[in-house]
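>>> Next one to model:
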Amino acid sequence: MIQFSEYVSLGHPDKTADYISQYLLDRYIEKDPQTRYAVEVQIKDANVTLGGEVSSKARFDEFQLSRFVREAVREIGYTAAYQDRWGIRNTIADTDIIVHGRISQQSPDIAQGLSGWGDQGIFFGYCSSRQDTHGMPFTHTVAKRLCKALFECNMSGVGLDIKTQVVCDGDVIRKVIVAVPLLYDNLLRPVTDFIRSEVRQEGVADYELIINGTGRYVQHGSVADCGTTGRKLAVDFYGGRCRIGGGSPWTKDASKADLTLNLVARRLARDFARETHQDIYTSLACCIGKQEVDFSIEDARGMILSEGAALYDPQKLRHMYGLDRPIYASMCRWGLFGEFQQDKEWEQ
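As a prediction, the model looks like this:
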């Protein structure tokens, strides 16, 4: 069976936008763990637009918000030194960022229903029976590991805006596609060797490798493409192995089902996978203002293992999952699930 997955680094403009929003949410949570937050981000060139609603005891002025945005961009690696190396035409720097804020208070119509979920929605979870991938799809795991290795390789002249894609036939890797900015043409050989070394650790040596399919990739990040929050959902969840429901988990506090019920769906799948030693798929549906959640749990053959309705209190889950702490940026770095989130309750 042919399967596919891709992954993108934080240097990709969409993920940069996600990370900025999560970084801002952490700053609010530090001051007020009960913050209600829904802020979307768009980044083009050095312009960052914030749009959404916040209800919090924390109050940040435009200067503070701008400082936080620049800190997030700097954490990713888009610094003045990085821009000097690549050129102002090819990438951004944190020092150049201009922030445009459009943030208001959350609607009181939503706030009155916050003993339950902040919206209606449908959500899906998955867990593989495989231990070597921490219950995640093999293709997704390989794509993520390779992307992370390239992002952290510290090879001079290798850029931050990276995409990896893996095509497998069962557990056999057939094709690896990589987009990675290269400042110098002579970097292609060492980067090729690095990629092959990383993929070899997955036990595969014979596959097709494509690096920068157009032949050249220098201009990158938000200079080359406009970044918007929530556009990389398959990357953030399970790759091509599981359905995706609801909306983006980023830009949301724990009262929002888009975040927390996706974590519940994953945790349920993990629990059943442990018990049955099978691949498990879960489905959830909720109603705004209510705690009751409809659910269905099935195996890879589509056989229903359990279904019905259960009460899930957003406030209890907020505390149980540690979502009243500033962990949101760390969730955004390498996806919600899998080996790089082993310190999170839903992965334990």
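>>> Just the element for Arg67, please.
For Arg67, the host element (DSSP states H and E) is helix 62-76.
>>> Please state the offset of that helix from the chain centre?
Counting by Cα atoms, centre = their mean, to the nearest Å, helix 62-76 is centred 19 Å from the centre of its parent chain.
>>> would you list every one of the strands in this structure?
For the chain, the strands defined by DSSP state E occupy 2-8, 36-44, 47-55, 98-104, 121-127, 163-169, 172-179, 208-211, 227-228, 280-286, 292-299, 304-311.
>>> Mind putting the ones you listed into JSON lines with mean pLDDT?
Formatted as JSON lines, the strands of the chain follow (pLDDT from 0 to 100):
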{"stretch": "strand 2-8", "mean pLDDT": "95"}
{"stretch": "strand 36-44", "mean pLDDT": "96"}
{"stretch": "strand 47-55", "mean pLDDT": "96"}
{"stretch": "strand 98-104", "mean pLDDT": "93"}
{"stretch": "strand 121-127", "mean pLDDT": "96"}
{"stretch": "strand 163-169", "mean pLDDT": "96"}
{"stretch": "strand 172-179", "mean pLDDT": "97"}
{"stretch": "strand 208-211", "mean pLDDT": "98"}
{"stretch": "strand 227-228", "mean pLDDT": "98"}
{"stretch": "strand 280-286", "mean pLDDT": "97"}
{"stretch": "strand 292-299", "mean pLDDT": "97"}
{"stretch": "strand 304-311", "mean pLDDT": "97"}
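>>> that older thread, buried residues, the helix holding Arg67. List them.
For helix 62-76, a neighbour-count test (16 or more other Cβ atoms under 10 Å) marks 65-66, 68-70, 72-76 as buried. Backbone N, C-alpha and C define where each C-beta goes, glycine included.
>>> Now flag whichever of those is closest to Val39.
Leu65 (9.7 Å; Cβ to Cβ).
>>> Touching, the closest one and Tyr23? I think so.
No. Using Cβ atoms under 8 Å, Leu65 is not in contact with Tyr23; the gap is 10.7 Å.
>>> what angle do the helix holding Arg67 and strand 36-44 make?
70 degrees (axes from the mean of the first three to the mean of the last three Cα atoms, to 10 degrees).
>>> ok so, going back, including pLDDT, could the buried residues of helix 62-76 go into TSV?
Formatted as TSV, the buried residues of helix 62-76 follow (pLDDT from 0 to 100):
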residue	pLDDT
Leu65	97
Ser66	98
Phe68	98
Val69	98
Arg70	98
Ala72	98
Val73	98
Arg74	98
Glu75	98
Ile76	98
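>>> can you redo the residues you listed as a markdown table with distance to Gln42?
Converted to a markdown table, those look like this (distance: Cβ to Cβ, whole Å):
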| residue | distance to Gln42 |
| --- | --- |
| Leu65 | 15 |
| Ser66 | 15 |
| Phe68 | 16 |
| Val69 | 12 |
| Arg70 | 16 |
| Ala72 | 14 |
| Val73 | 14 |
| Arg74 | 19 |
| Glu75 | 19 |
| Ile76 | 16 |
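>>> In terms of secondary structure, what does the helix holding Arg67 contact?
helix 13-31, strand 47-55, strand 98-104 (3 or more Cβ pairs under 8 Å, 6 or more residues apart in numbering; DSSP states H and E).
>>> out of these, nearest to Gln342?
helix 13-31 (18.8 Å).
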